[in-house]
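**Student:** Next comes the sequence, and after it the predicted model I'd like to discuss.
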Protein chains: 2
Amino acid sequence: MTTNTGCLFIISAPSGTGKTSLVRALLKTDVNLKLSISHTSRPLRSDEVDGRDYHFVSEEIFKQKLLRGEFLESAEVYGNLYGTSQTWINETMAAGYDILLEIDCQGATQVRKIYPQAIGIFILPPSSETLATRLKTRAQDESTVIEKRLAAAREEVSHVCEFDYVIINNKLEEAVNDLTCIVRSEHLKKERQLVDQHALITQLESTDL
Amino acid sequence: MTTNTGCLFIISAPSGTGKTSLVRALLKTDVNLKLSISHTSRPLRSDEVDGRDYHFVSEEIFKQKLLRGEFLESAEVYGNLYGTSQTWINETMAAGYDILLEIDCQGATQVRKIYPQAIGIFILPPSSETLATRLKTRAQDESTVIEKRLAAAREEVSHVCEFDYVIINNKLEEAVNDLTCIVRSEHLKKERQLVDQHALITQLESTDL
């Protein structure tokens, strides 16, 4: 009997939904879950760390990797390039780890074509007021960037139907608990358990006890 | 936009798996979850309470109810009759409560015909030794009853594929947590959330923020 590989979770959300904080909190609670670190050609922000938030590379290096077919998905967002390493995903899943992909809806569509078993989770803010406030108070972004983000947020929300689960990020702790429950319950699904618990089920069906 | 009714959860397990303790613990953690109390024609055991464990009725009364079509499912197990009230289920789900049906695989099959949206959860013991020990130490059962239960346990396990989720009841606390996660994640599924969060999604898609 073959063993299961890890689950592949896709998390998407409009900018300003608090997705990154949520993902960081989730990773702290689950040692079996690994976050895919994307490559990007955009500049490092002051609160970011290379290799933790992204692998920051030049546009030239990014395009070389793209040509070599190293990316599972790639996208241009606000004029910057983003991509996800397919090799790392395959190796990490084969080792039994769950993987978390924090990508936009455009990337999610590309990922589903290659991994139809991927589990999509969409995060929504509790209200449009909350979202607007968060986007507008990101001081380091220029107003044209904020305008783009507002339009992109509305566009992202229109893709909610493409996901398997929808979480409202009202209180961080509750939203993290929601994510934890989704990860746990996906492992309890019959299709996975018939593989993971094959020896036990065979023993229970066949012995005289 | 219509609102969602509650979810209908079916929990089945071989005798001796600790299902009843698990269900009682789960009910304590979730005020929105109501346990369907079955009717039965079998005698009350010393540790049971009428109306909590079952509605204990005579075989005559049971058969009258059966003829009036009051039962969603009914079954004869070890020579006793068991049945689930359909009226109670419909009213309780319509009021928005989740319902837990603790029934055997035979009953589960009957329920799925009427409620195809029912979510089936199968509980397994951690080993056949654990199951055998538990069945054999139920002092008040006669040996012929134990033999019947052993055979029935093997038969029940063979129905595991018919359920949506499989939980191993190794440590009670972990198994209760598994159940809690399944209940929570079912409410987070896209199909339910598009109804529950309809107003929010419409607001996010349409406003200028």
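**Tutor:** That came through, no problem.
**Student:** any low-confidence regions in chain A?
**Tutor:** Applying pLDDT under 70 to chain A flags residues A:1-2, A:138-141, A:207-209.
**Student:** just the helices in it please.
**Tutor:** Under the criterion DSSP state H, chain A carries helices at the ranges A:19-29, A:59-67, A:86-94, A:105-114, A:128-136, A:143-157, A:172-188, A:190-196, A:198-206.
**Student:** Would you mind pulling up the elements that the last one packs against?
**Tutor:** This means helix A:198-206. Contact analysis of helix A:198-206 by 3 or more C-beta pairs under 8 Å, 6 or more residues apart in numbering or on different chains; DSSP states H and E lists strand B:119-124, helix B:128-136, helix B:143-157 as its packing neighbours. C-beta: built from backbone N, CA, C; applies to glycine.
**Student:** Dump the helices of chain A to a markdown table, plus mean neighbour count.
**Tutor:** Listed next are those as a markdown table, based on neighbours: other C-beta atoms under 10 Å in any protein chain shown:
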| stretch | mean neighbour count |
| --- | --- |
| helix A:19-29 | 16 |
| helix A:59-67 | 14 |
| helix A:86-94 | 15 |
| helix A:105-114 | 17 |
| helix A:128-136 | 18 |
| helix A:143-157 | 17 |
| helix A:172-188 | 19 |
| helix A:190-196 | 16 |
| helix A:198-206 | 15 |
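**Student:** and residue A:191, how far is that from chain B?
**Tutor:** Note on residue A:191: its distance to chain B, by C-beta to the nearest C-beta, to the nearest Å, is 9 Å.
**Student:** Enumerate every residue touching the closest residue to residue A:157 other than its chain neighbours.
**Tutor:** Sequence neighbours aside, residue B:204 is the residue nearest to residue A:157 in space, at 4.5 Å (criterion: C-beta to C-beta, 6 or more residues apart in numbering or on different chains). Taking C-beta atoms under 8 Å, 6 or more residues apart in numbering or on different chains, we find residue B:204 in contact with A:14, A:124-125, A:128, A:131, A:153-154, A:157.
**Student:** switch the cut-off to 10 Å
**Tutor:** By C-beta atoms under 10 Å, 6 or more residues apart in numbering or on different chains, the contact set of residue B:204 is A:14, A:17, A:124-125, A:127-128, A:131, A:153-154, A:156-158, A:160, B:197.
**Student:** Could you dump those residues into a markdown table with distance to residue B:10 added?
**Tutor:** Shown next, in a markdown table, are the contacts of residue B:204 (distance: C-beta to C-beta, whole Å):
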| residue | distance to residue B:10 |
| --- | --- |
| A:14 | 37 |
| A:17 | 35 |
| A:124 | 30 |
| A:125 | 35 |
| A:127 | 36 |
| A:128 | 39 |
| A:131 | 39 |
| A:153 | 40 |
| A:154 | 40 |
| A:156 | 36 |
| A:157 | 34 |
| A:158 | 35 |
| A:160 | 29 |
| B:197 | 26 |
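**Student:** Nearest to residue B:106 among the residues you listed?
**Tutor:** Checking the contacts of residue B:204 against residue B:106 with C-beta to C-beta, the nearest one is residue B:197 at 37.6 Å.
**Student:** Now do the closest one against chain A, distance only.
**Tutor:** Residue B:197 sits 6 Å away from chain A, going by C-beta to the nearest C-beta.
**Student:** so that residue touches residue A:165, yeah?
**Tutor:** No: applying C-beta atoms under 10 Å as the test, residue B:197 and residue A:165 come out as separate, 11.7 Å apart.
**Student:** Between these two, which is the more surrounded one?
**Tutor:** More crowded of residue B:197 and residue A:165, by other C-beta atoms under 10 Å in any protein chain shown: residue A:165, with 25 against 18.
**Student:** Show me what the more buried one is bridged to.
**Tutor:** residue A:121, residue B:189 (DSSP bridges).
**Student:** mind listing what it touches?
**Tutor:** For residue A:165, the contacting residues are A:9, A:11, A:119-123, A:178-179, A:181-182, A:185-186, B:185-190, B:192-193, by C-beta under 10 Å, 6+ apart.
**Student:** redo that, cut-off 8 Å
**Tutor:** For residue A:165, the contacting residues are A:119-122, A:182, B:185, B:188-190, B:193, by C-beta under 8 Å, 6+ apart.
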